[in-house]
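>>> Next input, structure requested:
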Amino acid sequence: MRKVLIVDDSEEIGRIYPRVVKRIFKTAGLDVDVVVVASGQAALKALHDHQFTDIICDIEFPGSAVAIYDMIAEVSPAMNFIANTGNINHKDAYSLRIRGVPVLEKPVSSEDFARLLLGK
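Have a look, this model is predicted:
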């Protein structure tokens, strides 16, 4: 069972991304549980309370995607971290890319999510 954390302060993204992620895993014949939070503080609490396999994290939200990634990389380096943003030129997008994190520009296609979540 995969467990995906979605970090984004957009209510629309909070409704759309879970449906996309669930469809991707269902199509692949895999079970998935999805948790959505809207801030860095809520993300840190969720990471403390649950064991996630994947994180889809907005770059521009209340909190720091870079700080969340750095904390995760230290304690759970095998976790799949995917960043996404409406501003591909944001300084944090650059900081994450130099750390080897895939940074996708919104709107993100389900094909890009599938490739990064399933390795296809």
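>>> So which residues of the chain form helices?
Along the chain, counting by DSSP state H, helices occupy 11-27, 40-49, 65-75, 91-98, 110-118.
>>> Save the ones you listed as a markdown table, and put in mean neighbour count, distance to Ile55 and mean pLDDT too.
In short, each C-beta sits where N, CA and C put it, glycine included. Shown next, in a markdown table, are the helices of the chain (neighbours: other Cβ atoms under 10 Å; distance: least, Cβ to Cβ, whole Å; pLDDT from 0 to 100):
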| stretch | mean neighbour count | distance to Ile55 | mean pLDDT |
| --- | --- | --- | --- |
| helix 11-27 | 16 | 11 | 97 |
| helix 40-49 | 16 | 8 | 93 |
| helix 65-75 | 16 | 7 | 92 |
| helix 91-98 | 16 | 12 | 96 |
| helix 110-118 | 17 | 11 | 97 |
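>>> Switch the ones you listed over to JSON lines, and while doing so, append distance to Leu104 to every line.
Listed next are these as JSON lines, based on distance: least, Cβ to Cβ, whole Å:
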{"stretch": "helix 11-27", "distance to Leu104": "11"}
{"stretch": "helix 40-49", "distance to Leu104": "18"}
{"stretch": "helix 65-75", "distance to Leu104": "12"}
{"stretch": "helix 91-98", "distance to Leu104": "10"}
{"stretch": "helix 110-118", "distance to Leu104": "6"}
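>>> Which one, of those helices, ends up nearest to Leu5?
helix 40-49 (5.7 Å; Cβ to Cβ).
>>> Using CSV, write down the CA coordinates of that closest one.
Written as CSV, here are the backbone C-alpha positions of helix 40-49 (Å, rounded to 0.1, in the frame of the first residue of the first chain):
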residue,chain,number,x,y,z
GLY,A,40,4.2,23.4,6.1
GLN,A,41,3.3,23.0,9.8
ALA,A,42,0.5,20.6,8.9
ALA,A,43,2.9,18.7,6.6
LEU,A,44,5.4,18.2,9.4
LYS,A,45,2.7,17.0,11.8
ALA,A,46,1.4,14.5,9.1
LEU,A,47,5.0,13.3,8.5
HIS,A,48,5.4,12.8,12.3
ASP,A,49,2.0,10.9,12.5
